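>>> I would like to see how this sequence folds:
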Amino acid sequence: MNVNIQQKRPKRRGVLSMELLLTLPIFATLLLGLFEFSLLFFARGDVVEASRVGARQASIQGASIEDVEAAVMHSLGPRMSSRASIHAVLGDYSGDEVIVGVRVPMSSASPNLLWPIGFNLHGRHLYCQTRMVKE
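Okay, here's the model as predicted:
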C-alpha cells in the first residue's frame, strides 16, 4: 500500500529551480535599488551638512569665498569634493543674507547600479542651498 501512494504523486523535479530563476532577478533588482538609495540618502545628508557648514563660514564677518569653499570641501570629504560645485553669495554688511549652494553629481556619491533597468544617475545631481544672516 505504501508503494501505491508514492507512485501516484506527481513528479515535481526542477520546480524549485524554476521558481528561483523567475524570482531572483526581481529580488536582485530590489536589493540593488535599496543599496543605491541608501547611499544616495546618506550622501544627501553630507551635501546638506556641507552647505550648512559653508553658510556658517560665510556668515562670519570678514570671510571670503575661498574660506567658504575650503569649509565645504573639507566637510564633503575626498569622495565627493572632487566633482562638487559651490555657489556662494556673501553679504557685505551685518544683517545681510548669505547664500551657499552645493551641487554634487549623484554618480560620484553612488555607483550606477540600476542602469540596466533604465534608472541612470548620469546627469543627475544632489543639491542643497542654505541661507543665513551675516553676523
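>>> And the residue nearest the centre of the chain, how far from residue 30?
Central residue of the chain (C-alpha atoms, centre = their mean): residue 40, 1.4 Å from the mean position. As defined by C-beta to C-beta, to the nearest Å, residue 40 lies at a distance of 16 Å from residue 30. Placement of C-beta: from N, CA and C, glycine included.
>>> Who are the packing partners of the lengthiest helix in the chain?
In terms of residue count, the longest helix belonging to the chain (DSSP state H) is helix 15-58. Secondary-structure packing of helix 15-58 (3 or more C-beta pairs under 8 Å, 6 or more residues apart in numbering; DSSP states H and E): helix 65-76, helix 78-81, strand 85-89, strand 97-105, helix 106-109, strand 125-133.
>>> Mind checking these for the one nearest to residue 17?
Across the helices and strands packed on helix 15-58, residue 17 has its closest neighbour in helix 106-109 (36.4 Å, C-beta to C-beta).
>>> Which residues does that closest one contact?
39-40, 43, 46, 79-80, 82-83, 121-122, 124-126 (C-beta atoms under 8 Å, 6 or more residues apart in numbering).
>>> Rounded mean pLDDT for it, please.
Averaging pLDDT along helix 106-109 gives 91.
>>> do stretch 127-135 as well
Stretch 127-135 comes out at a mean pLDDT of 94.
>>> what residues does that stretch touch?
With C-beta under 8 Å, 6+ apart, stretch 127-135 has contacts from 44, 47-48, 50-52, 54-56, 58-61, 90-91, 93-104.
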